[in-house]
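**Q** Based on what follows, work out the 3D shape:
(2 chains)
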2 protein chains.
Amino acid sequence: MTNTDLTTVGGLTQALEAGNRRALARVISHIENNTDLALPLLAALYPRSGKAHIIGVTGAPGTGKSTLVNQLAGVYRQRNLTVGVIAIDPTSPFSGGALLGDRVRMRDLAGDPGVFIRSMATRGSLGGLAQATADVIMVLDAAGFDRIIIETVGVGQSEVEIASAAYTTLVVEAPGMGDEVQAIKAGILEIADIFAVNKADREGVDRTVMALKMMLNLGVPEKFQVMHHGRMLPVNLPETENLPQGWTPPVLKTVAISGEGAEELTEAIENHRLYLEQSGGRILRDRLRAATELRMIMRDYLLETLLARTDAAVLEEMVEAVARREIDPYTAVRHLVNEKAV
Amino acid sequence: MTNTDLTTVGGLTQALEAGNRRALARVISHIENNTDLALPLLAALYPRSGKAHIIGVTGAPGTGKSTLVNQLAGVYRQRNLTVGVIAIDPTSPFSGGALLGDRVRMRDLAGDPGVFIRSMATRGSLGGLAQATADVIMVLDAAGFDRIIIETVGVGQSEVEIASAAYTTLVVEAPGMGDEVQAIKAGILEIADIFAVNKADREGVDRTVMALKMMLNLGVPEKFQVMHHGRMLPVNLPETENLPQGWTPPVLKTVAISGEGAEELTEAIENHRLYLEQSGGRILRDRLRAATELRMIMRDYLLETLLARTDAAVLEEMVEAVARREIDPYTAVRHLVNEKAV
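**A** I've put the predicted structure just below:
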């Protein structure tokens, strides 16, 4: 066999599936830069995806979630599973935002061909990040990675959207991070499949574990409802009551810096993976995600199509009129759309 | 004059301008519930807006920003200015998420007719929150509130979008909140017009102030560039270099719980307001916001229009096909859109 041609869709797809890391990096670049090859590549790779287990890891800055991701990846590697890491957290060492100590800690992953790390920018056009992340996840999936970990920060709306690409969402807390009750209230309870209380060698760890367990006992019935909202439940999709409700999020203690608890945490993730497969939850999550993705892509496609057809001068005039409060933006949009007879 | 009719656009608009709080609440309900009156109301009120100064307040949970908002509103009331507060932070006492102590602290505002407080849900459809917030700000503006304060949490993409509705963005930090450098790195530097280091009676306050000032000295040149990204800079809008660059964000110490520093903070906000007016920055921000709003509304309008025309069964079939990886979502969208010949 001759050298694969990395300038064509066929060549790139073939090389990607053969485990060629250079092909993988190129495919991601095509998609991130939205080149002419981006759509054909996505179309070619999509049917080859759907095998990986996707794990979302989220939590406030300072909880040590990057170090924990590092440990999880290490445990998976010991089990001979390959791992892709996507870092969206701007404070993560994976995305280049953290301190020297963190960078040193992730060095052991960097040289391993069974690990692929990619960071993604936290800024960009509205909704664009969630879609770009979904695309890169799909590419890593098609490239054959067994486990894909997405690291995000906080509980903002867009973070929840990104996390909704995951089958298993791991929420990392730490003892003494301000007011635990506040942190828990901030929407995190509804998206968590597993809690890790990291830095468990610190004072106050049992209080945090207790607080989480208490909240879980109070809050479980609403879990899937709120999750649906975050995932843009479309018409005619399975109702809340059809989703499997047999999973109670475990609360585990970890010390990421020493690796303590990493095995147990990996086990919990694998248990959740099996639970989703056996309960039909994985299929339901796939449908929810497909519906959300379709809407996101449709919305952006329609906007792009209309803007491409609209005279830039007309658009700028309308922006000026809205800025000067001569016309409200809703009426302005109707004018712009109807002029183009969409 | 007879009782105003609060069931018509004309009656509601008139009553709103006369300071009728019941009319204000009704208008907001119409908009939040997207009733038949929503668009006519927005169209009628939009030309009457544009006078208020809009202040975004953001920061991590536990920094005490709600208490600070409370103090700011108090200072403005002493100056005989009316204040509208919109709370999007799920941990804010204004939005019902906080502890009893916080609720007690906000009681002094609750009875004052010169203050209007509204909380908004942190979940909902993609991008919907940012637009709904922009609409409610506009309504409060048209209702004659002199200052409008929007309280959001964190640094997620959607929070930045919501904050982009503000003319002045205040970032609240607190000493000893984990790693200061991380908190600062997380995109906050680019959106801040003013920093408040709250809980300034605590240890470590000078270290936090120093860290912020150092970062500011390093990072100022990029300030407006990154801001533009967050605000979806459209074609043909003023370039970065035309934006006024003469403002260096001040770093102030406050103790919200005692009111210490609230006067000085209010003064800093008013200085920034004057700066924006004199430098032309306010007009530029209005244009940026108008352009962003037009795109957001256009995108949602186009999606709604297409979905309304699409057969639910066809849509569901497509969702199923994507979920089963038989077709990629991009190709699926092109099929759906072209079938409808948009």
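
**Q** show me the residues around the residue in the stretch 201-342 of chain A that chain B sits nearest to that make contact.
**A** Nearest to chain B, among the residues of the stretch 201-342 of chain A, is A:Asp328, at 3.4 Å (C-beta to the nearest C-beta). Quick note: C-beta positions are derived from backbone N, CA and C, even for glycine. Each residue near A:Asp328 by C-beta atoms under 8 Å, 6 or more residues apart in numbering or on different chains is listed here: A:322, B:42-43, B:45-47.

**Q** Give me the distance between the two termini of stretch A:248-257.
**A** End-to-end distance for stretch A:248-257: 27 Å, by C-alpha to C-alpha, to the nearest Å.

**Q** hmm, that stretch in reach of chain B?
**A** No: judged by C-beta under 8 Å from any C-beta of the partner chain, stretch A:248-257 stays clear of chain B, getting no closer than 14.3 Å.

**Q** any idea of the mean pLDDT in that stretch?
**A** Within the predicted structure, the mean pLDDT of stretch A:248-257 is 94.

**Q** go on, stretch A:307-320?
**A** On average, stretch A:307-320 scores 92.

**Q** hang on, the earlier thing: any idea how far the residue of the stretch 201-342 of chain A closest to chain B lies from A:Leu303?
**A** A:Asp328 sits 19 Å away from A:Leu303, going by C-beta to C-beta, to the nearest Å.

**Q** Buried ones from the contacts of A:Asp328, can you make that a PyMOL selection?
**A** The PyMOL selection below is limited to those of the contacts of A:Asp328 classed as buried (16 or more other C-beta atoms under 10 Å in any protein chain shown):
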select buried, (chain A and resi 322) or (chain B and resi 42+43+45+46)
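
**Q** Sitting in helices, which of the contacts of A:Asp328 do you find?
**A** A:322, B:42-43, B:45 (DSSP state H).

**Q** Name the nearest of those residues relative to B:Ala165.
**A** Of all those, B:Ala165 sits closest to A:Val322, with 13.5 Å by C-beta to C-beta.

**Q** residues in contact with A:Gly259?
**A** Applying C-beta under 8 Å, 6+ apart, the residues near A:Gly259 are A:71, A:74.

**Q** rerun at 7 Å
**A** Contacts for A:Gly259 (C-beta atoms under 7 Å, 6 or more residues apart in numbering or on different chains) come out as A:Gln71.

**Q** and the next element down the chain from the lowest-mean-pLDDT helix or strand in chain A?
**A** Within chain A, no helix or strand scores below helix A:223-230, which has a mean of 32 by mean pLDDT, DSSP states H and E. Downstream of helix A:223-230, the first helix or strand assigned by DSSP states H and E is strand A:251-253.

**Q** what comes up buried for the next helix-or-strand element following that following strand?
**A** Scanning forward in sequence from strand A:251-253 by DSSP H and E, the next helix or strand is helix A:262-279. By 16+ other C-beta under 10 Å, the buried positions in helix A:262-279 come out as A:262, A:265-266, A:268-270, A:272-273, A:275-276.

**Q** want to throw those residues into a markdown table with pLDDT and distance to chain B?
**A** Listed next are these as a markdown table, based on pLDDT from 0 to 100; distance: C-beta to the nearest C-beta, whole Å:
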| residue | pLDDT | distance to chain B |
| --- | --- | --- |
| A:Ala262 | 97 | 22 |
| A:Leu265 | 98 | 22 |
| A:Thr266 | 98 | 26 |
| A:Ala268 | 97 | 25 |
| A:Ile269 | 98 | 22 |
| A:Glu270 | 98 | 23 |
| A:His272 | 96 | 20 |
| A:Arg273 | 96 | 18 |
| A:Tyr275 | 95 | 19 |
| A:Leu276 | 94 | 14 |
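
**Q** Report the beta-bridge partners for A:Thr168.
**A** Taking DSSP bridges as the rule, A:Thr168 bridges to A:Ile55.

**Q** can I assume it is in contact with A:Arg273?
**A** Yes: using C-beta atoms under 7 Å, A:Thr168 is in contact with A:Arg273, at 6.4 Å.

**Q** returning to what we had before: need the buried residues of helix A:262-279 in JSON lines (columns: distance to A:Ala308).
**A** Below are the buried residues of helix A:262-279 laid out as JSON lines (distance: C-beta to C-beta, whole Å):
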{"residue": "A:Ala262", "distance to A:Ala308": "50"}
{"residue": "A:Leu265", "distance to A:Ala308": "48"}
{"residue": "A:Thr266", "distance to A:Ala308": "47"}
{"residue": "A:Ala268", "distance to A:Ala308": "48"}
{"residue": "A:Ile269", "distance to A:Ala308": "44"}
{"residue": "A:Glu270", "distance to A:Ala308": "47"}
{"residue": "A:His272", "distance to A:Ala308": "44"}
{"residue": "A:Arg273", "distance to A:Ala308": "43"}
{"residue": "A:Tyr275", "distance to A:Ala308": "46"}
{"residue": "A:Leu276", "distance to A:Ala308": "41"}
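
**Q** Most widely separated two among the residues you listed?
**A** A:Ala262 and A:Leu276 (21.4 Å).
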